[in-house]
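Q: this one's structure only:
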């Protein structure tokens, strides 16, 4: 049973930064794509960023491009989301997702992913 545990969320003022982490336990995620989604109150879950199985390619939603960066450390079985220049509209619960083996991590469809974490809250105040 894959367990994905997100951490690093919190409250920050607009313009600030946070770094989210997602650690996988009971599983070695090298060779698997990883992604971050988020869900704001009253809205559907949306794709934020993804990284392919090798770490060589990354993908971003237009709304976060240039401000967020996804990375992975397979030795630590951890994927990160560095979030800079945060805006109030970034307020959401952020989820870490496990993609398929040798997949790109570029799918915007949550159903294409194998497992989800419990989420971590991010609140950005103006």
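A: Cool, got the structure. Remember, it's a predicted structure, so these values are computed and weren't measured experimentally.
Q: give me the distance between the residue nearest in space to the middle of the chain and residue 126.
A: Per CA atoms, centre = their mean, the C-alpha nearest to the average position across the chain is that of residue 36, at 2.2 Å. Using CB to CB, to the nearest Å, residue 36 is found at 23 Å from residue 126. Just so you know, the C-beta spots here come from the backbone N, C-alpha and C atoms, and that holds for glycine as well.
Q: kindly report the same for residue 59.
A: Residue 59 is 28 Å from residue 126, by CB to CB.
Q: who's more crowded, these two?
A: residue 59 (19 against 8; other CB atoms under 10 Å).
Q: mind naming the longest strand for the protein?
A: In the chain, assigned by DSSP state E, the strand with the most residues is strand 92-101.
Q: which neighbouring elements make contact with whichever helix or strand comes after that one?
A: Along the chain past strand 92-101, the next helix or strand (assigned with DSSP states H and E) turns out to be strand 115-116. Secondary-structure packing of strand 115-116 (3 or more CB pairs under 8 Å, 6 or more residues apart in numbering; DSSP states H and E): strand 92-101.
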